[in-house]
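Colleague: sharing a sequence plus its predicted fold:
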Amino acid sequence: MSGEQFKIYKLKIKSNGYYQLPLSEVYVTREIVDKVTKETKNLGHRKIVYVKGAPSIWEEDISGNLSPKQVWFEKGLLYVPINDLNLIKIMELHPWLNVKYELVDEEKEFNEKLESLRFKTKIGSIVEESDEEKQKAISIALFGVMALAWGPAKCEYELRLFAENNPLKLQETLNGKDYQTKYLAALAFAKNIVTDSMGKDAVIWNDSSRGVIVKVAKGQNGINTLADFLSERTDESLLVLQTLTDKVKKAEINLKEKDTSKDEVLAEKDKEIALLREQLAAKNTPAEDGNVDTVDNEEQKLLELRAKFEDVVGPVPNNMKNNIEWLTDKINAKEAE
């Protein structure tokens with residue numbers, strides 16, 4: 001094949017070996033152009049035959065002892081030299097064209113492969129530039145609420161694996177009309193801007209107002225319900241959408257302002273843990289007069305939860321230090337990973 005040019009046809013059906021193109025009883029519509037009037041005439045269905053070097057592909061035009069040839073795909077491909085005009089015409093007229101085989105557009109295929117490679121690089125950058133909360137949000141938007149239980153390593157692994165195996169499908173998903181609302185809803189939960197109500201029957205603002213954003217139907221989950229609500233584009237949903245966007249930006253700005261070196265963060269965390277331990281010890285130590293320094297059970301539980309949260313999860317957000325349910329849920333989720 002070296003130096004020779006070909007048209008390449010590829011089977012659309014699965015075949016690992018040889019596959020024969022049926023030609024023995026194939027009839028195709030034949031049209032001719034009148035040499036005088038230049039009009040195209042339809043001669044109806046005529047039988048085709050492949051005889052290499054013959055003056056025509058129509059059996060009625062061929063005389064003599066020329067033997068028809070068989071046509072075989074090998075490993076799903078058929079290479080036809082561009083000077084074999086008869087076989088090219090047969091391939092273009094055969095009823096299997098674009099049904100069981102297709103002409104390979106090499107430029108198109110390389111463009112698709114190139115797009116795939118580019119997107120793999122792009123998704124790698126997206127993952128690397130995203131913090132754990134954003135990776136979690138992307139995972140939830142792509143894979144559903146099951147990603148809620150994934151840790152940071154699993155989120156990153158699943159994103160990279162999906163990008164490696166299905167780059168174009170992932171690109172299509174990320175460009176989908178509902179992706180942005182799914183991502184924003186998941187990110188709002190990941191950043192604790194919103195949360196589920198006590199009874200899991202509503203999505204509420206995770207602040208002092210505890211205001212209801214949207215009701216959650218039985219059997220549904222807060223993230224999907226919030227995403228569906230945001231995609232409605234009503235006056236109410238657009239207002240919530242803008243508020244969420246502003247709160248997310250504010251949270252990221254605050255995070256950057258508070259960003260310090262790793263050693264400083266660890267030192268601050270150690271101080272908070274030590275302080276909580278001291279408070280617990282003081283509450284459980286008998287006073288000098290022999291009386292036990294009692295403490296409200298609720299306060300004691302909060303102190304213990306904060307200490308455990310620091311050990312298992314990390315620093316306790318100021319606005320959640322008194323939320324027993326939230327602290328417990330986060331600890332349980334982290335221990336379940």
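Modeller: The structure has been received and is ready for your questions. Numbering: from 1, shown residues only.
Colleague: which elements pack onto the helix or strand harbouring K108?
Modeller: Applying DSSP states H and E as the criterion places K108 in helix 106-129. Helices and strands touching helix 106-129, by 3 or more Cβ pairs under 8 Å, 6 or more residues apart in numbering; DSSP states H and E, are helix 132-143, helix 152-165, helix 167-174. In short, each C-beta sits where N, CA and C put it, glycine included.
Colleague: any chance you could list what contacts it?
Modeller: Identification of contacts with helix 106-129 by Cβ atoms under 8 Å, 6 or more residues apart in numbering yields I8, Q135, I138, E156, L159, R160, A163, E164, P167, L168, L170, Q171.
Colleague: most neighbours out of the residues you listed, which is it?
Modeller: Per-residue neighbour counts (other Cβ atoms under 10 Å) across the contacts of helix 106-129 peak at I138, which has 26 neighbours.
Colleague: any idea how far the closest residue in space to L103 that isn't next to it in sequence lies from N86?
Modeller: Spatial nearest neighbour of L103, excluding adjacent residues (Cβ to Cβ, 6 or more residues apart in numbering): Y9 at 5.8 Å. In this structure, Y9 and N86 are 15 Å apart, going by Cβ to Cβ, to the nearest Å.
Colleague: so for those two, which sits in the more crowded spot?
Modeller: More crowded of Y9 and N86, by other Cβ under 10 Å: Y9, with 24 against 19.
Colleague: so who does that one touch?
Modeller: Neighbour list for Y9: F73, L77, L78, V80, M91, Y101, E102, L103, V104 [criterion: Cβ under 8 Å, 6+ apart].
Colleague: hang on, the earlier thing: and the helices and strands packed on helix 106-129: which comes nearest V49?
Modeller: Checking the helices and strands packed on helix 106-129 against V49 by Cβ to Cβ gives helix 167-174 as the closest, at 40.9 Å.
Colleague: ok now that closest one, how far from the chain's centre?
Modeller: Relative to its chain's centre, helix 167-174 lies at 6 Å (Cα atoms, centre = their mean, to the nearest Å).
Colleague: check which helices and strands it is in contact with.
Modeller: helix 106-129.
Colleague: between the helix it packs on and helix 152-165, how big is the angle?
Modeller: Per axes from the mean of the first three to the mean of the last three Cα atoms, to 10 degrees, the angle that helix 106-129 makes with helix 152-165 is 170 degrees.
Colleague: just the CA trace of helix 106-129, in CSV.
Modeller: Output of helix 106-129 as CSV, limited to C-alpha atoms (Å, rounded to 0.1, in the frame of the first residue of the first chain):
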residue,chain,number,x,y,z
GLU,A,106,-9.8,10.9,8.2
GLU,A,107,-9.8,14.6,8.9
LYS,A,108,-13.0,14.3,10.9
GLU,A,109,-11.7,11.4,12.9
PHE,A,110,-8.4,13.2,13.7
ASN,A,111,-10.4,16.3,14.7
GLU,A,112,-12.5,14.1,17.1
LYS,A,113,-9.4,12.5,18.5
LEU,A,114,-7.7,15.9,18.9
GLU,A,115,-10.7,17.3,20.6
SER,A,116,-10.7,14.3,22.9
LEU,A,117,-7.0,14.8,23.8
ARG,A,118,-7.5,18.5,24.3
PHE,A,119,-10.5,17.9,26.6
LYS,A,120,-8.6,15.4,28.7
THR,A,121,-6.0,18.1,29.3
LYS,A,122,-8.7,20.7,30.0
ILE,A,123,-10.6,18.5,32.6
GLY,A,124,-7.2,17.7,34.2
SER,A,125,-6.7,21.5,34.7
ILE,A,126,-10.3,21.9,36.0
VAL,A,127,-9.7,19.2,38.6
GLU,A,128,-6.3,20.5,39.7
GLU,A,129,-7.5,24.1,39.9
